[in-house]
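Enquirer: Requesting a structural model of the entry that follows:
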Amino acid sequence: MTTEISPIVRPSSPEDMATITEIYAASVLTGLGTFEIDPPDEMEMTARRNAILQQQLPYIVVEVDGEVVGFAYAGLYRPRPAYRNTVENSVYIREDMRGRGVGKALLDELIKKCREAGKKQMVAVIGDSGNRGSIGLHKSRGFRLVGILEEVGYKHDRWVDTVIMQKNLTLDE
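Expert: Numbers count the residues shown, from 1 in each chain. Sure, this is the predicted structure:
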């Protein structure tokens, strides 16, 4: 039985970076949601956060009982100017908090912030076609499957697909 939780989503702060780094490191070392092999340190994660914020894009965290248990951000989909209205989302949740509504709270806020920033499209690049949690999360928030790149990554001694999902941010839901 899962206990009720009340996630609180807020902008990230420099004080969150140690916890964000830990959450991401766990995903790098044990998961397929990212194709990084070696976890970046806190300095690198802070630099990445700063780059997102300099683009005036959201980098948010979710708290449960005062503790950061996940984070999400939207970065530019590609650096060329024609892509300026399309963002790519990233959502990472501490393993023990998955499947409890934390991802929905994060992704809903990320979508809202990107709409407010005037973005038109949001793309999810999901590691592992077997990643039912992330695929289900995105589908539940109105993303549609647009493609699968087969065996494009090699991690944890196996070939891994990438699932591409997309959401039009200008449509009302």
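
Enquirer: In the protein, what residue spans correspond to helices?
Expert: Per DSSP state H, the chain carries helices over the ranges 17-30, 42-54, 102-116, 132-140.

Enquirer: what's the neighbour count on the residue nearest to Thr30 when sequence neighbours are not counted?
Expert: Using Cβ to Cβ, 6 or more residues apart in numbering and skipping residues adjacent in sequence, the residue nearest Thr30 is Glu95, 7.9 Å away. Yep, even glycine has a C-beta here, placed from its N, CA and C like the rest. Other residues within reach of Glu95, judged by other Cβ atoms under 10 Å, total 11.

Enquirer: count of neighbours near the closest residue to Arg84 other than its chain neighbours?
Expert: Among residues not flanking Arg84 along the chain, Leu76 sits closest, at 7.1 Å (Cβ to Cβ, 6+ apart). Neighbourhood size, Leu76 [other Cβ under 10 Å]: 17.

Enquirer: Do I have it right that Tyr83 meets Leu76?
Expert: Yes: between Tyr83 and Leu76 there is a contact under Cβ atoms under 8 Å: 6.5 Å.

Enquirer: highest average neighbour count across the helices of the chain?
Expert: Across the helices of the chain, averaging neighbours per residue (mean count of other Cβ atoms under 10 Å) puts helix 102-116 on top, at a mean of 20.

Enquirer: elements contacting it?
Expert: Under the contact definition 3 or more Cβ pairs under 8 Å, 6 or more residues apart in numbering; DSSP states H and E, helix 102-116 sits against strand 8-11, strand 59-64, strand 67-76, strand 86-93, strand 121-127, helix 132-140.

Enquirer: Can you add mean pLDDT and give the ones you listed back as a markdown table?
Expert: Shown next, in a markdown table, are the helices and strands packed on helix 102-116 (pLDDT from 0 to 100):
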| stretch | mean pLDDT |
| --- | --- |
| strand 8-11 | 97 |
| strand 59-64 | 97 |
| strand 67-76 | 97 |
| strand 86-93 | 97 |
| strand 121-127 | 97 |
| helix 132-140 | 95 |
